[in-house]
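S.K.: Turn this into a model:
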Amino acid sequence: MLVVDLILGAVVALICGLDRVAVLQIMISRPIVAAPLAGWLLGDVETGLQVGLMIELLWLARLPVGAAIPPDDTQVSIAGTVLSISMAQALGQGGVAFILLCLLVTIPLGKFGQFFDRFARTRNRRTMESAEAALDEGNMSAAERYHLSGISWFALSALGTYGVIVAGGILLIPILTPILMSGLDHSADWIRLALPLVGVSVILGTINVSRSLTLFS
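M.R.: Numbering: from 1, shown residues only. Purely as a prediction, here's the structure:
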């Protein structure tokens, strides 16, 4: 059922979203892990692996470190997997072409992750000031509550991004399926190859390696 799939995806989105910045950071937030995990919960690991492989390299050179706020590749991969599995059942579609259609919808929506992440960081700046004031007063229990509330803002950010991407996919994919599927059926293999190649080229463009053009070739 679509609702059950969306809820299971939200659980993965929450856990992996927290791992992305706020908690643990054991790299389960990487698309190559998060997407297959979502696929496993929905009973289709293969789709999750395909989504993770195609997205992993796209934003690998843009990590959420310090003040950097890249698009949320974690939620793109999870939402893309959920939509590829659940909408395929609802629309009677399947295969690599439909997965690519879902990704072409979800990848641009990953930009919303920047908005939610920025909002969470802004709120946490105020939370930090409140926690510092509580520590100055010797109120340890209040400082602990502020600390936990800081984590909760990142949790809401992850769920908000996931929700927007999924909602956008549910609205757009049924409209675009009859328009784009015939073309994607013929070009799916090339597009599936192009996504990792674009990611490789971006990575080579950001590292200080001589003859990067040779390496890419």
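
S.K.: Would you mind finding the longest helix in this protein?
M.R.: Looking across the chain with DSSP state H, the single longest helix is helix 140-206.

S.K.: Which secondary structure element is home to V4?
M.R.: Assessed by DSSP states H and E, V4 sits inside helix 2-21.

S.K.: tell me which residues of whatever helix or strand comes next after that helix are tucked away?
M.R.: On the C-terminal side of helix 2-21, the closest following helix or strand by DSSP H and E is helix 31-41. Across helix 31-41, burial judged by 16 or more other Cβ atoms under 10 Å covers P31, I32, V33, A34, A35, P36, L37, A38, G39, L41. (Glycine included, C-beta is placed from N, CA and C.)

S.K.: Could you check the angle helix 31-41 makes with helix 2-21?
M.R.: Counting by axes from the mean of the first three to the mean of the last three Cα atoms, to 10 degrees, helix 31-41 lies at 150 degrees to helix 2-21.

S.K.: pLDDT of helix 31-41, averaged?
M.R.: The average pLDDT for helix 31-41 rounds to 92.

S.K.: Give me the contacts around that helix.
M.R.: With contact meaning Cβ atoms under 8 Å, 6 or more residues apart in numbering, helix 31-41 is reached by 8-9, 11-12, 16, 27-28, 45-49, 51-53, 55-56, 73-74, 76-78, 80-82, 85.

S.K.: circling back: counting contacts, what elements does the longest helix of the chain pack onto?
M.R.: Using 3 or more Cβ pairs under 8 Å, 6 or more residues apart in numbering; DSSP states H and E as the contact criterion, the elements in contact with helix 140-206 are helix 2-21, helix 45-55, helix 73-91, helix 95-109, helix 112-136, helix 212-216.
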